[in-house]
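> Next input, structure requested:
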Amino acid sequence: MEKSGIDCCDQVFVHEELVEKVNKEMPMEEELYDLAELFKVFGDSTRIRILFVLFEAEVCVCDLAEVLHMTQSAVSHQLRILKQAKLVNARREGKSVFYSLADDHVRTIIAQGREHIEE
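Predicted coordinates:
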């Protein structure tokens with residue numbers, strides 16, 4: 001049966017064992033929410049561009065602004081979001097603040113996303 005372009009079962013039959021197995025493995029709602037929030041952070045091309053710069057080197061806000069042709073204020077706003085999501089780290093050196101990737105998970109997430117869209 002097809003409704004609104006979506007294929008559906010011809011009759012209702014719940015596969016209880018499968019439903020029970022899935023419900024047993026389903027993460028808690030809070031964890032699902034946090035995961036969705038993390039992926040929202042990746043939903044902005046400016047933040048993705050910042051992460052690609054950080055794949056290459058630890059850089060200060062001035063360098064990021066120059067590479068991305070953006071104001072320091074706009075870059076700082078995006079970095080704040082990335083930092084809150086624990087995707088980047090900040091380190092102060094004198095009057096400059098340098099940013100780097102928080103860990104290799106960030107690189108892995110982006111690499112897997114690229115692999116997926118290239119299929």
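> And for stretch 28-38, what's in contact with it?
For stretch 28-38, contacts defined as Cβ atoms under 8 Å, 6 or more residues apart in numbering pick out 27, 85. (Glycine included, C-beta is placed from N, CA and C.)
> rerun that using 6 Å as the cut-off
Stretch 28-38 is contacted from outside by residue 85, using Cβ atoms under 6 Å, 6 or more residues apart in numbering.
> How about that stretch, which residues are buried there?
Buried residues in stretch 28-38, defined by neighbour count with 16 or more other Cβ atoms under 10 Å: none.
> Residue 90 in helix, strand or coil?
strand (DSSP: H, G, I helix; E, B strand; the rest coil).
> Who does it form a beta bridge with?
Here residue 90 sits in beta bridges with residue 99, as judged by DSSP bridges.
> Next, work out how far apart it and residue 73 are.
For residue 90, the distance to residue 73 (Cβ to Cβ, to the nearest Å) stands at 16 Å.
> which of those two has more neighbours?
More neighbours surround residue 90 than the other of residue 90 and residue 73, with 14 against 9 (other Cβ atoms under 10 Å).
> where does the more buried one land on pLDDT?
For residue 90, the model assigns a pLDDT of 96.
> That one reaches residue 97, doesn't it?
Yes. Between residue 90 and residue 97 there is a contact at 5.4 Å, judged by Cβ atoms under 6 Å.
> What ranges in the protein fall below the confidence cut-off?
1-4 (pLDDT under 70).
> Please, where are all the helices along it?
According to DSSP state H, the chain carries its helices in the segments 16-25, 29-41, 45-56, 61-68, 72-84, 104-117.
> who's in contact with residue 47?
By Cβ under 6 Å, 6+ apart, the contact list for residue 47 reads 78, 82.
> quick one on the thing from earlier: which one, of the helices of the chain, ends up nearest to residue 6?
Relative to residue 6, the nearest member of the helices of the chain by Cβ to Cβ is helix 16-25, separated by 19.8 Å.
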